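J.: structure for this input, please:
(4 chains)
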2 protein chains.
Amino acid sequence: MPPRQTDLSDAELEVLKALWDLGPTSVREVMNRLHTQGRELAYTTVLTFLTRLKAKKYVTSKKSGQAYIYKARVSREKVTGSRLSSLIEQLFDGASAPLVLHLVQSNKLSPDEIGELRRMLDDLDASPADAEGDD
Amino acid sequence: MPPRQTDLSDAELEVLKALWDLGPTSVREVMNRLHTQGRELAYTTVLTFLTRLKAKKYVTSKKSGQAYIYKARVSREKVTGSRLSSLIEQLFDGASAPLVLHLVQSNKLSPDEIGELRRMLDDLDASPADAEGDD
DNA sequence: CCTGGCCAACGACAGTTGTAGTAGGACCTG
DNA sequence: CAGGTCCTACTACAACTGTCGTTGGCCAGG
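T.: Predicted coordinates:
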């Protein structure tokens, strides 16, 4: 297995999500957060993940008093987007349309959501994509 | 790490995809397929994956002459769907709408695709989901 | 100053994954 | 029948992952 040392693992993502939710905070807080979400991880386990996240550059930390405060360095959107892209790549060879179609067809969307979706499509027509960096 | 022994790994999925594309076939054919796709794996590596896929019940095999013929036991749709669900769970806590919105907003869809999407939405309204097994 | 709490750095360990080499049976071909 | 050629079964192995336990430092109470 080629060394990556850079991708987010599932457990790491969970921790990162907690950090996003909480904003900059301590290991203990992150742990508490996870606990209230039913994720019972040992303190050291959380610490491990945070440490790995730091090694992989997903978070930064600075000492504050006795403990460290961890802060996400990547936005939820960024990560979400790239995970999504990977999946699309993997499952649909890079084309996102099939994914959307798949979602729509598997009728997992509520009428409300469908309405919103339609509204968004209309919006798109109106204001044609203002050249956002294509990641 | 709790033993799973049941989930598809990325590499396994690649092999399974080749198998879907080819239909029931031999290790060698799968390997050739992967090669033409630029994925240079050793014969034994492909065999390993197919073996693991079999252990995980994603494929079956039956001897035919000297070699075995492997056949996918799960449909592409099934796997695609569950992978997608996992991602949605992971990224959007189970709500698929945000994903669709995300996709639409990140304007990765061509006008044509948007048109098709809109058509599909209309269709949905017209023929309200005829009780498809909700997986 | 000793003690009980926190805290973070390490080390550990088993299971998963990606990749492949080797060994040994079948089979075809002289 | 000896030599290639295929094929599968095993074994291997390092990196990655999920989970912690242990250690030793630092600080507030008694």
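
J.: now the nearest residue to residue A:71 once chain neighbours are set aside: phi and psi?
T.: Leaving aside its chain neighbours, residue A:71 sits nearest to residue A:24 (4.0 Å; criterion: C-beta to C-beta, 6 or more residues apart in numbering or on different chains). From N, CA and C alone the C-beta is placed, and that goes for glycine too. The phi/psi pair for residue A:24 (degrees, to the nearest 10) reads phi -50, psi 130.

J.: name the element the residue nearest to residue A:30 when sequence neighbours are not counted belongs to?
T.: Spatially, and ignoring its direct neighbours in sequence, residue A:30 is nearest to residue A:18 (4.9 Å; C-beta to C-beta, 6+ apart). Per DSSP states H and E: residue A:18 is located in helix A:10-22.

J.: any low-confidence regions in chain A?
T.: Judged by pLDDT under 70, chain A has its weakly predicted residues at A:1-3, A:125-135.

J.: break it down into its domains, please.
T.: Following automatic domain parsing, chain A resolves into domains at A:1-94, A:95-127.

J.: give me the buried positions along the last one.
T.: For domain A:95-127, a neighbour-count test (16 or more other C-beta atoms under 10 Å in any protein chain shown) marks A:95-97, A:99-104, A:106, A:108-109, A:113-114, A:117, A:121, A:124 as buried.

J.: quick revisit: buried residues of the helix holding residue A:18, list them for me.
T.: Counting neighbours by 16+ other C-beta under 10 Å, helix A:10-22 gives A:11, A:12, A:13, A:14, A:15, A:16, A:17, A:18, A:19 as buried.

J.: cool, and stretch A:28-41?
T.: Buried-residue list, stretch A:28-41, by 16+ other C-beta under 10 Å: A:29, A:30, A:31, A:32, A:33, A:34, A:41.
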